[in-house]
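> give me a 3D structure for the following:
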Amino acid sequence: MLQRLMTAGSTWAIADQMVASAGNFVVALLLARGLPQAEFGTFVLLNSVCLIVYGFHTNLVVSPLVVFGASASANKIRIYPTAALAFTVALLPVTALVVFLASVSLHREVTGALAILYALAWQLQETTRRALTSRLRYRDALWGDAISYLGQACIVGLLTLRAGTTLNTVFLTMAATSLVAAALQSWQARLAPATWTQLRECRTEFWTLGKWMVVVSLTSMIAGPLFPWLLNWFHGRESAAAFQAVMNVVGLVNPLIISIPAIVMPVAANFLLTPGGSSRRSLLGLAMKYIAQFELLLAPWLLILLLWPHSALIWFYGKATAYGNQAFPLRMGVLVYILTVPMTVFGAVLTGSGRTKSNAAMQGVGAVASLVCAPSLIFVGGVVGAMLAETVARGVRVLYAVRSLGSSRIASSVETV
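Numbering: from 1, shown residues only. Coordinates of the predicted model:
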């Protein structure tokens, strides 16, 4: 099955995801090694706010672009990316307000201004990237993503070697590589000029689809970035840095986890067409099969982290690292990622089988669990409390998905959000 998906074009899709994930991983690792702990904590906090506005942009602009771009007529397929770029720029005041307010609270206004530039460049590049991938042009998108994600990793690495890394240069570097990649991918997408009437039509279409995605996923966008900010408020920036440092180590498996939807979603969609594939219990069995396979693939690395967490931290950050005392949170991070596999597989199965509302509900109940338990757990336990809150949130999602897939039968109609 995996080989068939690869020959169908998923090889380039997975390679593209791995390039993006590897670039982000390397940058976070280099900054954790090269910056003082409090300064790395500041990066984590500002970057988490960028993730909030990125999530808002994804739901309101990128997701409709992917949906409409994949099914548009030939004369309109080049209009949608142009409209999406225009809407991205139109959202700049929202992006600027959120990021700047965060930077003011940290007393880093200049850094915040550069973070705004980075957030805008990142959104523009993600828009052009999705314009290509919506048409299954993953191979073309790979070149720009390599410039953006691997390019910034190389430059940050050089700055670290020369002891010239500052947050200002980091955000400026990430903005520059994203803008270069966006320019290349815009040229590859062959954008067409759009009239004001066409932009208004696209605005209506994007809003009709995207508004519900924003409403449903709002708690999810806030719950994740809330963790480092709670750590900062209760325990200081060093705790936010320690949390991210631990997630960097266990997150070495992120490229594989990110590839799960590309592999599982088409299988789930085709599974419904097979005899006996219409029952929820059979879909649950399909999900369990993939969960077992992916858990086995991740098992060697997770087992190393369970047995030798302190050594793993030293391997990543050096003998003199301030993060060497995070062995227990790292062991808890292993549990978080063990739960991440079924959470991701279930989400892919639900979406692939047309149960988008159930997938949204699964994400929502996990986000609510985070918002309810995270403040008290983080206040009491610091980084350990944050890991426990992550475990609870992902465990709740998994239980909800099992309940959703394990009862009665699937309706013949596709759910809509």
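
> so residue 325, which state does it fall into?
Classification of residue 325 by DSSP: H, G, I helix; E, B strand; the rest coil places it in coil.

> which regions of the stretch 151-300 of the chain lie under the pLDDT threshold?
164, 209-224, 262, 266, 269, 272-281 (pLDDT under 70).

> output stretch 177-197 as PDB - backbone C-alpha positions only.
Extracted in PDB, the C-alpha atoms of stretch 177-197 (Å, rounded to 0.1, in the frame of the first residue of the first chain):
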ATOM      1  CA  THR A 177      14.700  33.400   3.000                       C
ATOM      2  CA  SER A 178      10.900  33.100   3.100                       C
ATOM      3  CA  LEU A 179      10.500  36.200   0.800                       C
ATOM      4  CA  VAL A 180      13.000  34.700  -1.800                       C
ATOM      5  CA  ALA A 181      11.100  31.400  -1.700                       C
ATOM      6  CA  ALA A 182       7.800  33.200  -2.100                       C
ATOM      7  CA  ALA A 183       9.100  35.100  -5.200                       C
ATOM      8  CA  LEU A 184      10.300  31.800  -6.800                       C
ATOM      9  CA  GLN A 185       7.100  30.000  -6.100                       C
ATOM     10  CA  SER A 186       5.000  32.900  -7.300                       C
ATOM     11  CA  TRP A 187       6.900  32.700 -10.600                       C
ATOM     12  CA  GLN A 188       6.400  28.900 -10.700                       C
ATOM     13  CA  ALA A 189       2.700  29.300 -10.100                       C
ATOM     14  CA  ARG A 190       2.400  31.800 -13.000                       C
ATOM     15  CA  LEU A 191       0.100  34.100 -11.100                       C
ATOM     16  CA  ALA A 192      -2.500  36.000 -13.200                       C
ATOM     17  CA  PRO A 193      -3.700  39.500 -12.500                       C
ATOM     18  CA  ALA A 194      -7.100  39.700 -10.800                       C
ATOM     19  CA  THR A 195      -9.700  42.400 -11.300                       C
ATOM     20  CA  TRP A 196     -11.500  44.000  -8.300                       C
ATOM     21  CA  THR A 197     -14.600  42.000  -9.200                       C
END
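
> pull out the buried positions in that stretch.
177-182, 184-186, 188-189, 191, 194 (16 or more other Cβ atoms under 10 Å). In this view, the C-beta of every residue, glycine as well, is placed from N, C-alpha and C.

> now do stretch 162-169
Under 16+ other Cβ under 10 Å, the buried positions of stretch 162-169 are 165, 167.

> and the end-to-end length of it?
13 Å (Cα to Cα, to the nearest Å).

> count the residues that sit near residue 268.
23 (other Cβ atoms under 10 Å).

> gap between it and residue 122?
30 Å (Cβ to Cβ, to the nearest Å).

> coming back round to it: in helices only, show me the buried residues of stretch 177-197.
Per DSSP state H, helices hold the following members of these: 177-182, 184-186, 188-189.

> just the closest of those to residue 393, please.
residue 178 (29.5 Å; Cβ to Cβ).

> so what's the closest one closest to, chain neighbours aside?
Setting aside the residues directly before and after it, residue 178 is nearest to residue 121 in space (Cβ to Cβ, 6 or more residues apart in numbering), at 3.8 Å.

> hang on, the one you found packs against residue 183?
No: counting by Cβ atoms under 8 Å, residue 121 sits too far from residue 183 to count as a contact (10.3 Å).

> so which residues of the stretch 301-417 of the chain form helices?
309-317, 327-352, 356-381, 383-405 (DSSP state H, counting those that start in this stretch).

> go on, the stretch 101-250 of the chain?
109-133, 138-145, 151-161, 167-189, 196-235, 237-250.

> including mean neighbour count and mean pLDDT, could the helices of the stretch 301-417 of the chain go into JSON lines?
Shown next, in JSON lines, are these (neighbours: other Cβ atoms under 10 Å; pLDDT from 0 to 100):
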{"stretch": "helix 309-317", "mean neighbour count": "17", "mean pLDDT": "93"}
{"stretch": "helix 327-352", "mean neighbour count": "22", "mean pLDDT": "91"}
{"stretch": "helix 356-381", "mean neighbour count": "19", "mean pLDDT": "87"}
{"stretch": "helix 383-405", "mean neighbour count": "22", "mean pLDDT": "93"}
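
> turn those into JSON lines, including distance to residue 55.
Shown next, in JSON lines, are those (distance: least, Cβ to Cβ, whole Å):
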{"stretch": "helix 309-317", "distance to residue 55": "27"}
{"stretch": "helix 327-352", "distance to residue 55": "15"}
{"stretch": "helix 356-381", "distance to residue 55": "11"}
{"stretch": "helix 383-405", "distance to residue 55": "16"}
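
> any idea how far the residue nearest to residue 302 when sequence neighbours are not counted is from residue 398?
Closest residue in space to residue 302, ignoring its immediate chain neighbours: residue 334 at 4.9 Å, by Cβ to Cβ, 6+ apart. Separation of residue 334 from residue 398 (Cβ to Cβ): 16 Å.
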